[in-house]
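K.L.:
predicted model and sequence follow; I will ask about them next.
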Amino acid sequence: MAYASLATGILLAAGFGSRFDPEGLHNKLLARMPDGTPVAHEAAHRLLRVTSHVLAVVRPGSDALARLLNDAGCHVVFASAAERGMGASLAAAIDASGDAEGWIVALADMPRIDTATIEAVARSLDGGASLVAPFYQGQRGHPVGFGIAHRDALLALDGDAGARALFMSHEVTRLDVDDAGILRDVDTPEDLGKL
């Protein structure tokens, strides 16, 4: 482990990935990157290098993905309200982590975030920042960090907006990083080849 954060890691893996496969036959998070590693496994592995406890949120019926993430070392949470969007999934993870002191939230379709970036978010959060985000060339990316002060607001999330409103209404500790991976997600099969 590069740095042992006090925060709980959350890996959001409950989306439908309809741009990757409109018919819904292939879960993009199980798709293999050029080196053969499944997308979600790599994202989980990088988060686990910094946080020893990671909750992976999946939607009901995603048994293969749940097994993959469990095998990677995550604790799997099935979010029954996942179809309502990312906010509902994040709220489910916060609810399942009652003793957490803070959270580092990553997306399972972003497997190329540098571990050093995750560590920088963790160090800032562990150092007392209550809301942390990395920026690359002026754009905010993932993972993001939330202190315990935001627990109630996170529990109240629903829908697809996620925690965007928190970032618009609170002071954010901004970390400028040289890591394009904080913006690169896998939305289409072509994105896999670009990894």
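P.N.:
Perfect, I can see it now. Numbers count the residues shown, from 1 in each chain.
K.L.:
can we go C-alpha only for contacts and neighbour counts from here?
P.N.:
Will do.
K.L.:
spatially central residue for the chain, please.
P.N.:
residue 106 (1.7 Å; C-alpha atoms, centre = their mean).
K.L.:
excluding its backbone neighbours, what's nearest it?
P.N.:
Leaving aside its sequence neighbours, residue 106 sits nearest to residue 143 (C-alpha to C-alpha, 6 or more residues apart in numbering; 4.5 Å).
K.L.:
any chance you could map the strands in this structure?
P.N.:
Ranges of strands in the chain, per DSSP state E, are 8-12, 54-58, 75-78, 102-107, 131-136, 139-140, 144-147, 173-176.
K.L.:
dump the ones you listed to TSV, plus distance to residue 92 and mean pLDDT.
P.N.:
What follows is those, written out as TSV (distance: least, C-alpha to C-alpha, whole Å; pLDDT from 0 to 100):
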stretch	distance to residue 92	mean pLDDT
strand 8-12	10	97
strand 54-58	8	97
strand 75-78	8	96
strand 102-107	13	96
strand 131-136	19	97
strand 139-140	24	96
strand 144-147	15	96
strand 173-176	25	96
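K.L.:
deepest in the core, which of these is it.
P.N.:
strand 8-12 (a mean of 29; mean count of other C-alpha atoms under 10 Å).
K.L.:
now for it, which elements pack on it?
P.N.:
Helices and strands touching strand 8-12, by 3 or more C-alpha pairs under 8 Å, 6 or more residues apart in numbering; DSSP states H and E, are helix 39-48, strand 54-58, helix 86-95, strand 102-107.
K.L.:
counting neighbours, what do you get for the residue nearest to residue 106?
P.N.:
26 (other C-alpha atoms under 10 Å).
K.L.:
now swap in residue 40 and tell me
P.N.:
Neighbour tally, residue 40, other C-alpha under 10 Å: 27.
K.L.:
in the sheet, who's paired with residue 8?
P.N.:
residue 103 (DSSP bridges).
K.L.:
okay but it is in contact with residue 56, surely?
P.N.:
No: contact criterion C-alpha atoms under 8 Å: residue 8 and residue 56 do not qualify, at 10.7 Å.
K.L.:
longest helix in this structure, please.
P.N.:
helix 115-126 (DSSP state H).
K.L.:
buried residues of the lowest-mean-pLDDT helix or strand in the chain, list them for me.
P.N.:
Comparing helices and strands within the chain by mean pLDDT, DSSP states H and E singles out helix 189-194 as the least confident, with a mean of 75. Residues of helix 189-194 classed as buried by neighbour count (16 or more other C-alpha atoms under 10 Å): residue 192.
K.L.:
what's in contact with it?
P.N.:
20, 32, 33, 34, 185, 186 (C-alpha atoms under 8 Å, 6 or more residues apart in numbering).
K.L.:
how many neighbours does the last one have?
P.N.:
Read that as residue 186. 24.
K.L.:
try residue 92
P.N.:
Residue 92 has 23 nearby residues by other C-alpha under 10 Å.
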